[in-house]
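J.: please find the sequence and the predicted model below.
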Amino acid sequence: MSGILSLIIFLPLLGGLIILFIPKSADRVMKQIALVASIVSLLLSLVLAAQFSRGGGMQFEERYSWIPSIGVNYYLAVDGLSLPLIVLTAVLSVLSVIYSWRIDVRLKEYLFLFLLLETGMLGVFAALDFFLFYVFWEITLVPMYFLIGIWGGPRREYAAIKFFLFTLVGSLAMLLAILIMYFNAEPHTFSMLELIRQQPLADTPLLAALAFWGFFLSFAIKVPMWPFHTWLPDAHVEAPTAASVILAGVLLKMGTYGFLRISLPMLPETFKAYAFFIAVLALLGIVYGALVAMAQTDLKKLVAYSSVNHMGYVMLGTAAAAGAVGDPSKAAAAATALNGAVFEMIAHGVITGALFFVVGVIYDYRAHTRGVDEFGGLGAKLPVYTGITTIAMLASLGLPGLMGFVAEFLVFLGSFGVFPYLTAVAVTGVIFTAAMFLWTIQRIFLGAPNPRWATLPDMDAREKLTLVPLAVLMIVFGLFPKPLLDVINAAMTSLVTALR
Amino acid sequence: MLQYAWVIPVLPFIGFWWIIFAGRRAPGQGAYVAIGAMLGAALLSVAAFIEVLRGARYDASVVWATVLNRPIEVGYQVDPLTSVMLLVVTVVGSLIFIYSIGYMQGDLRYPRFFAYMSLFASSMLLLVLGNNFLTLYAGWELVGLCSYLLIGFWFERPAAARASMKAFVTTRVGDLFMFLGILLIFLQLGTLNFNEIFSGVETGRLAGGLLTLAAVLVFGGAVGKSAQVPLHVWLPDAMEGPTPVSALIHAATMVAAGVYLVARAYPLFFGTPGHEALTVVAYIGGITAIMAATIGVVQDDIKRVMAYSTISQLGYMMMGLGVLGFTAGVFHLMTHAFFKALLFLAAGSVIHAMHTNDIKQMGGLAKIMPITYVTMVIGALALAGIPPFAGFWSKDEILLEAYHYDQVLYALGAAGAFLTAFYIFRMIIYTFTGSLRSHPAHPHESPRVMTVPLVILAFFSTVIGLAGAPWWDNPFHHFVRFEGAEGAAFDFEFALRSTAIAGLGVLSALVVYHWRLVSAASLRRAFGPLYIAVVHKYYWDELYQYAVIRPVVWAARRLRTFDVYVVDGAVNAIGVVFVWFSRLYRVFDLYVVDGVVNLVAWTAKTMGGVLRYGQTGRPQNYLLIIALGVIALVVVGVIR
């Protein structure tokens, strides 16, 4: 099985390179190649999941020396944290390619950038060498910049530059932090696992704090945490639908993944020292995000702000786990919160991915408007679309039986054991999200049919193909979270055990 | 066979998916599927009930998720309380499903109605079967969802769309408290399983103020779901849904889930110091009972009369549980499910015939709709608490318990009982006696598919109370009971008094509305300000509008502005600052950095220009300069 990870990661890029050599007129062939590349990558990732052994730690390792003079390795492996994210990335990429079938502007570049983006994201989740990690991290930045800047909406240039600069600032901070880690390790190393084992900054609190805030800035911008979130609504609103899906579904997870993969295990004591503060920021994201979302009239912006709210749950769980570092009596609570946080990452990817597709379906090819107040009574006109949207929104507001509930339930259950008062306030976010989504449903789908939309067609086959799998995932993992949770729990158990 | 009880909720769940995917192609356009599943569930519930009667019990769990090495389990249990609830939900549910064939005939979304109703039945059964807070909470939220979908079933009406959202969000406020209570319990005891929690309470691992807090928080969920003060405001608006929905969800089953919750978690409440959590339950219930009853007196919409009646009766159930009348509360839940479903379905039959909800438009329907009339009067007698109808036995028991527990609560309950009899017969008189006041209407008796369920429910409403009658040694008491809250024995004299109160209510209604010995207008004048407050439903809606909804929406809008101008403004400001810096650098670059470079070049060039004059190319000049230099050197040397 060795080499399978590299195959999963670089197959999309290979597809993209091939597309570059296809003549411009053969647009169908280009799309087919993109689809095949992403589907094969998905199938291989499913093989990976099937072969994955729970409780086996890091698996499918690939390790080659790359730049020996400074100790850089090409080092890939997955555990229970990264595996679900890799599968999620592969799933959303396939669905995005399917959804993008109707793109006709500069198709070749679009597909190439998209596949390059997929390679970058997959790489981030599999890389265990800081150098490699940083390379993949930066790779994701460039295609997204162009996707927003070329295929985006009216203010695309502003949004693209904002996105790029924001994340670049974070990247530089991370680079600094990585170098602090590197130079304080003995022997110097970029290997994440080695750094976690060594804890090079355990005795130098000042440097540790510096490194921590370096990582924090980078990850918090990516998540995004309050108050670094304002790039998100702009980027989402301007990005083409498939890019929004990837942005919300996967790119945001890179931030929380960083907190879990790097900040928490590498700098546990420092994280613990600031855990309460970060939990407060998470809480602000939850309540503030929900309230601001409620006030939006642009459907896409509304979903974007709901992301701020949901990523707040992930950060609350993470901060709670950090707050429990070194306290064995809270290990169970920490593990619960972490399981919830990671489950929320996956759930948010599926649910919000679906919600952005939902926005795209109505905006791109039908109404050409996203104004929530401009619709009304679509429920009678578009039953399938209404049904899918309702399921996704109910999942997002945490209805039991759907994915979002499992995540929120575990996050709250765990966080309450560490930060009871903060969590009690955070739970109120659930009411605001409910009010926000139901109000949205009411304004778009209920009420008397608006004659302006009398001729809108319901979803076509391709749109169903992109949305139905996500709806099925929401229901299946909402009812039976165990298969997914067992994988996540394996990684979280070892993380919590290491932190004790 | 109790280990197969999980099949009971699964049957309607399968029905739901079947109808969703098959639509009008499903048997009976979905109706037969739903009814078949429901009857199957009812048969199984009867079988389970008999097993439990014989003494069988069941409780089993499976692992739902593992966190660290700690399993989170879900499971189900069958005990007397659950078996009674199963019976109520499936039997009343089956009858209402059958009735719906007639009532929903020709509706645009006929199959979807049955799909949602099936999903509701499944969720409700899940709720009552769960042996832990997780399952209960899941069922709890899912019935809330179905309630949302069904209140807004005719979503083209803006009022229905608004009401559905109001219902969901209001109950979710209650659920928030319940969720916090569950978190607190889990934090203290590390389990969500009911039996483990109760043993934790018994052994004192969760006790004192914390236990009271947990119990009251959990009760918050019941306040929302069972429409108790102050979260009762959603239920009257929920009447925008189709009438079978009101009967099943907003009268017989879902709204009783809050009562069920308190009964299910009774050890939690009972174990609080001095039963103080139960006192909270009792007072909330008592206040709700009397408040809703007063509003019921002034309503003219036939369904809203019933909605306030339901709120009031739920208050009685809560009060019963709160005054240590465990059995009485559960008993009233059961009898109420039958007679209130009957009243709603009869009201639906009237609405079906009249196409209006306004009782002042009706009148004289007794002759036109005899079956509806007779069955509805039976329901009204049961509600009013006239023996031997069902409501008498249970309500009398609650009043008796209250009498022995707290005189204030008894007074509230007794006054409420009078008002109950009064408002329900006011409605009966307006609807069925006199002559038809709306002339364009052509009322008719409803079809058999609707009247047969009415007759069956009327039968139950007549006899089911006998299960708690003192003859045959009060079998219900022996079946559903709680150690330590056995309740008082039947008191004949007290029962007479209860009957007299109810009878007085009926009589007063007849005096005012039938014989018209006292005019309603003079009563309105006599009560003056109280009447105004009651007509405005004590201004709860206005209170929430001004104290909650508007501030939240206002805050949301302000925060959006804040986000755009302050948070994002700061980001843009940083961007602007950097652009300015770069402009400044440009100036610096142009005039300072580049200036220095140019200066060097200019200096070199100028110097070159000046020095150029020395380079004449004539030997004479050079020789002259050399000579001058020699002279200068000589002069310098001589002087030194």
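T.: Yes, it's here.

J.: where is the longest helix in chain B?
T.: helix B:158-189 (DSSP state H).

J.: only alpha carbons, please: show the helix or strand immediately after that one in the chain as CSV.
T.: Next helix or strand after helix B:158-189 toward the C-terminus (DSSP states H and E): helix B:194-202. What follows is helix B:194-202 as a C-alpha-only set of coordinates in CSV (Å, rounded to 0.1, in the frame of the first residue of the first chain):
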residue,chain,number,x,y,z
PHE,B,194,-32.2,7.4,33.3
ASN,B,195,-31.7,4.5,35.7
GLU,B,196,-28.0,5.4,36.3
ILE,B,197,-29.0,9.0,36.9
PHE,B,198,-31.7,8.1,39.3
SER,B,199,-29.4,5.9,41.3
GLY,B,200,-26.9,8.7,41.3
VAL,B,201,-29.6,10.9,42.8
GLU,B,202,-30.4,8.2,45.3
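
J.: contacts made by helix B:194-202 with the rest, please.
T.: Contacting residues not belonging to helix B:194-202 are listed as B:59, B:77, B:131-133, B:185, B:188-189, B:191, B:206-207, B:211, B:264-265, B:267-268, B:271 [C-beta atoms under 8 Å, 6 or more residues apart in numbering or on different chains]. All C-beta atoms are positioned from the backbone trio N, CA, C, and that covers glycine.

J.: quick one: buried ones out of those residues?
T.: When the contacts of helix B:194-202 are checked for burial by 16 or more other C-beta atoms under 10 Å in any protein chain shown, the buried set is B:77, B:131-133, B:185, B:188-189, B:191, B:206-207, B:211, B:264-265, B:267-268, B:271.

J.: which one of those is nearest to B:L510?
T.: B:R264 (40.8 Å; C-beta to C-beta).

J.: if I look at that closest one, how far off is chain A?
T.: 17 Å (C-beta to the nearest C-beta, to the nearest Å).

J.: so who does that residue touch?
T.: So B:R264 contacts B:81, B:136, B:194 (C-beta under 8 Å, 6+ apart).

J.: how close does it sit to B:R560?
T.: Using C-beta to C-beta, to the nearest Å, B:R264 is found at 42 Å from B:R560.

J.: near the nearest residue to A:L355 once chain neighbours are set aside, how many other residues are there?
T.: Distances taken as C-beta to C-beta, 6 or more residues apart in numbering or on different chains place A:V303 nearest to A:L355, at 4.7 Å, with adjacent residues excluded. Counted with other C-beta atoms under 10 Å in any protein chain shown, the neighbours of A:V303 add up to 29.

J.: A:V303 against A:V359, yeah?
T.: Yes: counting by C-beta atoms under 8 Å, A:V303 does reach A:V359; the two are 6.2 Å apart.

J.: quick one on the thing from earlier: quick check: the farthest pair among the buried ones among the contacts of helix B:194-202?
T.: Based on C-beta to C-beta, the longest span within these runs between B:Q77 and B:A207 and measures 24.4 Å.

J.: residue 26: neighbouring residues, count only.
T.: Using chain A here. 14.

J.: switch to chain B, that's the one I care about
T.: For B:A26, the number of neighbouring residues by other C-beta under 10 Å comes to 20.

J.: can you name the residue of the stretch 301-450 of chain B nearest chain A?
T.: The nearest approach of the stretch 301-450 of chain B to chain A comes at B:H355, 19.6 Å away (C-beta to the nearest C-beta).

J.: show me how far the helix or strand that A:V292 is a member of is from its chain's centre.
T.: Applying DSSP H and E as the criterion places A:V292 in helix A:268-294. The chain centroid and the centroid of helix A:268-294 are separated by 17 Å under C-alpha atoms, centre = their mean, to the nearest Å.

J.: then stretch A:162-173?
T.: That offset, for stretch A:162-173, works out to 17 Å (C-alpha atoms, centre = their mean).

J.: now that stretch: buried residues?
T.: Buried residues in stretch A:162-173, counted by 16+ other C-beta under 10 Å: A:162-167, A:170-171, A:173.

J.: how about stretch A:177-189?
T.: Residues of stretch A:177-189 classed as buried: A:177-178, A:180-182, A:184-185, A:189 (neighbour count, 16+ other C-beta under 10 Å).

J.: from the chain's centre, how far out does that stretch sit?
T.: Distance of stretch A:177-189 from the chain centroid (C-alpha atoms, centre = their mean) equals 28 Å.

J.: mind checking the SS state of the spatially closest residue to B:T243 that is not a sequence neighbour?
T.: Nearest residue to B:T243, sequence neighbours excluded (C-beta to C-beta, 6+ apart): B:G348, at 3.3 Å. B:G348 falls in the helix class when you classify it by DSSP: H, G, I helix; E, B strand; the rest coil.

J.: same question for A:S25.
T.: State at A:S25, reduced to three classes by three-state DSSP: coil.

J.: what's the pLDDT at it?
T.: With respect to pLDDT, A:S25 has a value of 87.

J.: what about it, neighbour count?
T.: Neighbourhood size, A:S25 [other C-beta under 10 Å]: 8.

J.: what's the answer for the one 10 residues further on, then?
T.: As a burial measure, A:L35 scores 17 neighbours (other C-beta under 10 Å).

J.: and for B:P475?
T.: Applying other C-beta under 10 Å, we find 14 residues neighbouring B:P475.

J.: name the nearest residue to it, ignoring sequence neighbours.
T.: Closest to B:P475 by C-beta to C-beta, 6+ apart is B:A467, at 5.7 Å.

J.: try A:L217
T.: Nearest non-adjacent residue to A:L217, counting by C-beta to C-beta, 6+ apart: A:A173, 4.1 Å away.

J.: just to be sure, that neighbour is in a strand?
T.: No: under three-state DSSP, A:A173 sits outside any strand and is assigned helix.

J.: quick one on the thing from earlier: tell me which of the buried ones among the contacts of helix B:194-202 fall in strands.
T.: Here DSSP state E is the test, and the buried ones among the contacts of helix B:194-202 give B:Q77 as lying in strands.

J.: separation between the spatially most central residue of chain B and B:A247?
T.: Central residue of chain B (C-alpha atoms, centre = their mean): B:T171, 3.1 Å from the mean position. According to C-beta to C-beta, B:T171 stands 19 Å off from B:A247.

J.: distance of the residue nearest to the centre of chain B relative to chain A?
T.: Applying C-beta to the nearest C-beta, the value for B:T171 to chain A is 10 Å.

J.: likewise B:Y539?
T.: Separation of B:Y539 from chain A (C-beta to the nearest C-beta): 22 Å.

J.: contacting residues for that residue?
T.: B:A533 are the contacts of B:Y539 under C-beta under 8 Å, 6+ apart.

J.: could I get the pLDDT score of it?
T.: 92.

J.: quick check, it in a helix?
T.: Yes: remark: B:Y539 belongs to a helix, assigned using three-state DSSP.

J.: find the closest residue to chain A in the stretch 251-400 of chain B.
T.: Of the residues in the stretch 251-400 of chain B, the one nearest chain A is B:A257, at a distance of 14.1 Å by C-beta to the nearest C-beta.

J.: test my guess that that residue contacts B:K225.
T.: Yes: using C-beta under 8 Å, B:A257 is in contact with B:K225, at 5.1 Å.

J.: who touches both of those two?
T.: In contact with both B:A257 and B:K225: B:W140, using C-beta under 8 Å, 6+ apart.

J.: neighbour count winner among the two?
T.: Using other C-beta under 10 Å, the more surrounded residue of B:A257 and B:K225 is B:K225, with 30 against 26.
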